[in-house]
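S.K.: okay, sequence plus prediction incoming.
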Amino acid sequence: MAPILRSALDTCCLICLWIAAIALVAMTGVVAWAVFGRFVLNDTPAWADVVALLLMGWVILGAAAAGVREGFHMGFETIRDLLPTPLRRVCDLISDLIITLFGVGMAWFGGELAIGVWDATIPSINLPGAVEYLPLVLGGLMMALFGAERLAAHLAGEAAPSEVLDTPLVSDA
């Protein structure tokens, strides 16, 4: 894969992680404010629960997209590691294809949902209903893009991004 493309996808992955991190910090602040309002001020902010759920979507889908790029997505690793090398390659290809198609489906059907509720308004925050589905659409697009990158690398007989990085962006340590 061309180094410039790999570098661009590295940047996209980093952006996904930053979005997830910022959303997590913001969600923590919103929940803290809701708890403070509920138990100290005895006046629960009506918007807090809705905003926290919206932010949770960005946390989950941003991190999930980065997980696809880094190879932390669900796959056949347990079965694959027991198989001979040619069959391992087949399992990698199947896994990459499934995750790519899953991302395309998330983006497509999330987009249909967003279009379907665009005219509706979320009452407590006065935003279009489509805002609820934007993380699904963008997360799905990024998962599809990163899955396609892994699929192309494996089809070309190259290492996937998670197998090339000296220091992965995401770590299970």
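M.R.: Yes, it's here.
S.K.: only C-alpha atoms from now on, for both contacts and neighbour counts.
M.R.: Noted.
S.K.: show me where this protein has strands.
M.R.: 121-122, 127-128 (DSSP state E).
S.K.: can you name every helix or strand that the last one contacts?
M.R.: The one in question is strand 127-128. The contact analysis (3 or more Cα pairs under 8 Å, 6 or more residues apart in numbering; DSSP states H and E) places strand 127-128 against strand 121-122.
S.K.: how far does stretch 102-121 sit from the chain's center?
M.R.: On the basis of Cα atoms, centre = their mean, to the nearest Å, stretch 102-121 sits 15 Å off its chain's mean C-alpha point.
S.K.: now that stretch: average pLDDT?
M.R.: Mean pLDDT, computed over stretch 102-121, is 96.
S.K.: pLDDT on the longest helix along the chain, on average?
M.R.: In terms of residue count, the longest helix belonging to the chain (DSSP state H) is helix 3-39. Averaged over helix 3-39, pLDDT sits at 94.
S.K.: give the buried residues for it.
M.R.: 9-10, 12-14, 16-17, 19-21, 23-24, 26-27, 30-31, 34-35 (16 or more other Cα atoms under 10 Å).
S.K.: now for that helix, which elements pack on it?
M.R.: Counting contacts by 3+ Cα pairs under 8 Å, 6+ apart, helix 3-39 packs against helix 48-70.
S.K.: I'd like to know which elements the helix it packs on is packed against.
M.R.: Partner elements for helix 48-70 (3+ Cα pairs under 8 Å, 6+ apart): helix 3-39, helix 134-155, helix 161-164.
S.K.: ok, Gly139 touching Ala66?
M.R.: No: Gly139 is beyond contact range of Ala66, at 9.3 Å (criterion: Cα atoms under 8 Å).
S.K.: residues touching Leu54, list them.
M.R.: Val131, Glu132 (Cα atoms under 8 Å, 6 or more residues apart in numbering).
S.K.: can I get the helices and strands packed on helix 48-70 in JSON lines including distance to Leu53?
M.R.: What follows is the helices and strands packed on helix 48-70, written out as JSON lines (distance: least, Cα to Cα, whole Å):
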{"stretch": "helix 3-39", "distance to Leu53": "8"}
{"stretch": "helix 134-155", "distance to Leu53": "11"}
{"stretch": "helix 161-164", "distance to Leu53": "30"}
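S.K.: so which of these gets nearest Ile98?
M.R.: Evaluated over these, closeness to Ile98 peaks at helix 134-155, with 8.4 Å, by Cα to Cα.
S.K.: would you mark the buried spots in the closest one?
M.R.: For helix 134-155, by 16+ other Cα under 10 Å, it's 134-154.
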